[in-house]
Structures are given as structure tokens and as C-alpha cells.
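Novice: Here's my sequence, what's the structure:
(chains A, B and C)
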Amino acid sequence: MPELPEVETVRRGLQPAMEGARFVKVEANRKDLRRPLPQDFAHRLKGRRVLALRRRAKYLLAELSGGDVLVMHLGMSGSFRVCSDDGAGTPGRFHHARSRARAHDHVVFHMSSGVGITFNDPRRFGLMLLVPAEKLAEHPLMKAIGPEPLDRSFDAGMLARICAGKATSLKAALSDQKVVAGLGNIYVCEALHRACLSPKRDAATIATRSGAPNARAVALVAAIKTVLRDAIAAGGSSLRNHQLTDGELGEFQHRFRVYDRAGEPCVTTGCTGVIKRIVQNGRSTFFCPKCQNQ
DNA sequence: CCGCGGGCCTGAGAGC
DNA sequence: TGCTCTCAGGCCCGCG
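Specialist: Predicted coordinates:
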């Protein structure tokens, strides 16, 4: 369950269970995720305290006592589930109190807060790694990531500057984590629709020749921020009944305006268009050819 | 720098 | 019922 709003929703679900708690026991059932789990993964986590649980782009970052950061990514199909263990965090009692294991439960954290946190990932595109805190910013996975779209500093000027001179479509540019962090196929489509911009438009055309933002850049940044905020407020999107950390479902999928709505009427007021699906860069793009004409 | 194709994996849904 | 096919919210690599 992958894009920024879903990862942020997961972060908020895990935060009360993880922050301030120690890893009492860690089960690494399956180590071959997108990359192999670090050597001695369970052993290296045991006894460490989670000082803070943050998010950067689609990565969850658990800052640990002892100076390392546990980096976690959900890939396409990863999810976390929080269950009460035995209420006391007593190692010997986990066996009796644990919730029933499911297929693809690859990693389980037993926390001193008395909860079990299970990472489930059928496709194994997710990853977990340990990075020294002082090396996190320069880590290859983090280094090139673009600005956080919900930061105040992310504005039309910044996006225009980044897109100026790019010889690619708006759809491809916004999907690129180096341009802006955390957007994926759904929210790129949704943001472009809200901004009335065609996904096929050249990315560079949201900037003037000098790299200054134009009205399209202003509309696009506003649409990105709005759709992400609304989605987070709704608990993210739950496709294929993907569950949140508490087993509940996010609600934002009911408010998609274009994603997976090919053939349906455009919901823009006064627009009589029909949502179309095309393929860009090997991925589905959903848009309204009629009102996304800017 | 860019697009493209392929790959990594499993599961759900459609169509026959 | 089962088979085959396509598609899926991410990301990475190599090629031209």
C-alpha cells in the first residue's frame, strides 16, 4: 500500500506502538525481500529503543537508540499489522498470545509496549535495512529524493525550477521521486485532474523560459497538496481491500476522480467528458481528455 | 538526459 | 471447477 498518504497513515498507526518502546524480540521469517535483510537483523534490533518514527517519501524511518535508523519500504504489497501481544511484553508468553500467522508474514516485531507488529508482503518488493543515522542523508536510496510535497518550502517556484528543461511528460516527471517525493500512479493522476492539466503535457511547460513558475505550476502544486492532505485525512486508499495497521480500511479510494474509472463520466462540474485510460512509461494513466486541457 | 523493455514477486479478476 | 491471461499503488537496470 504504497503512496505517500498510505505510508503516512501507516506511520501514524505504528507510532503509538513503536515510539518509546524497545524491540523485545524480532522474528525474521523470510529474509529475501527486495534486498536481503541485514545480517543479524533480529539480533541487531533486540533491546534497541525507537526514539522516533518518521517518514521520508515512501520510506518509514525508525530512529533507534544506538545511532542507527531502521529504513522500511512497503513496495507494492507491503502492510503492517499491530496486534496486542500478551499485554505485558513478556517474551515467554508471546507464543500463546500471538495472533494467527498469515501467509507472507515476513517480519514480526515484539515491542516492550506489549504489541506485536507484523510486516506482511506477498510480492516482497518491500525492504528493511539498517543505516547509521549520520549516513542516512547520503545513502543511495535517500540521496536523490526530491522535496516533500507537504513541506511549506515546496511551492510553484520550486516545482517549476525542477521541471524546467525536462524533456518528458508531466505524468512521468511527477512520478519521478527525484522531482517530488511520495507521489505514485494514483496521486499523480488525481493531482493532474484536479489541476486541469493533461498528463501528456511537457513537464517543462509549467515554467517560463527563465525557470519561473506559471499559472499551471501554481495550480499543480495546489492540487498536489490538496489531494495528499485529503487522502491522509481519509486514512489513505485501500485497493484490493488492503488493510491498515488496525485492520480498518482507508476511505480515499471512494473519492478517486479518475484513477481506475476508465469509461465513467468525468465528475468535474459542467464537464461532459469520459475518463480515458492510456499507457505512459509502461503505467496506466487515467484522465479526462475534455477538462484536462490546460 | 530520456523512453523503453525487462525484471523482481504473488494474487486477483476476467474470460473461456 | 480450472486454466490462461492480464493487470496491479514501486523501483531498478541496461540499452539505444
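Novice: Around DNA strand B, which positions in the stretch 1-150 of chain A sit nearby?
Specialist: Taking Cβ under 7 Å from any atom of the strand as the criterion, the stretch 1-150 of chain A approaches DNA strand B at residues A:Asp32, A:Arg34, A:Met76, A:Ser77, A:Ala103, A:His104, A:Pro122, A:Arg123, A:Arg124, A:Phe125. C-betas here are computed from N, CA, C, even on glycine.
Novice: Quick check on these: which are buried?
Specialist: Among these, those that count as buried by neighbour count (16 or more other Cβ atoms under 10 Å) are A:Ser77, A:His104, A:Arg124.
Novice: Name the pair among the residues of the stretch 1-150 of chain A next to DNA strand B with the greatest separation in space.
Specialist: Between all members of those, the longest pairwise span (Cβ to Cβ) is found for A:Arg34 and A:Ala103 and amounts to 18.2 Å.
Novice: Count the neighbours of A:Gly236 for me.
Specialist: Close neighbours of A:Gly236, defined as other Cβ atoms under 10 Å, add up to 27.
Novice: Can you verify it is assigned to a helix?
Specialist: No: A:Gly236 is assigned coil when assessed by DSSP: H, G, I helix; E, B strand; the rest coil, not a helix.
Novice: And the pLDDT for A:Asn281?
Specialist: Predicted confidence (pLDDT) at A:Asn281: the value is 94.
Novice: ok, now which ones touch it?
Specialist: Under the criterion of Cβ atoms under 8 Å, 6 or more residues apart in numbering, the contact partners of A:Asn281 comprise A:Ser169, A:Lys171, A:Ala172, A:Ser175.
Novice: Let me know the distance separating the second one from A:Ser198.
Specialist: Going from A:Lys171 to A:Ser198 by Cβ to Cβ, to the nearest Å gives 9 Å.
Novice: Now the common contact residues for those two.
Specialist: A:Leu192.
Novice: residues contacting A:Gln243?
Specialist: A:Ser79, A:Arg81, A:Leu249.
Novice: Turn the buried ones among those residues into a named ChimeraX selection, would you?
Specialist: Only the buried members of these end up in this ChimeraX selection, burial being decided by 16+ other Cβ under 10 Å:
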select /A:79,81
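Novice: Serialize the contacts of A:Gln243 to CSV and add fields for pLDDT.
Specialist: Compiled in CSV, the contacts of A:Gln243 are given as follows (pLDDT from 0 to 100):
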residue, pLDDT
A:Ser79, 94
A:Arg81, 93
A:Leu249, 76
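Novice: Of the contacts of A:Gln243, which belong to strands?
Specialist: Secondary structure defined by DSSP state E assigns A:Ser79, A:Arg81 of the contacts of A:Gln243 to strands.
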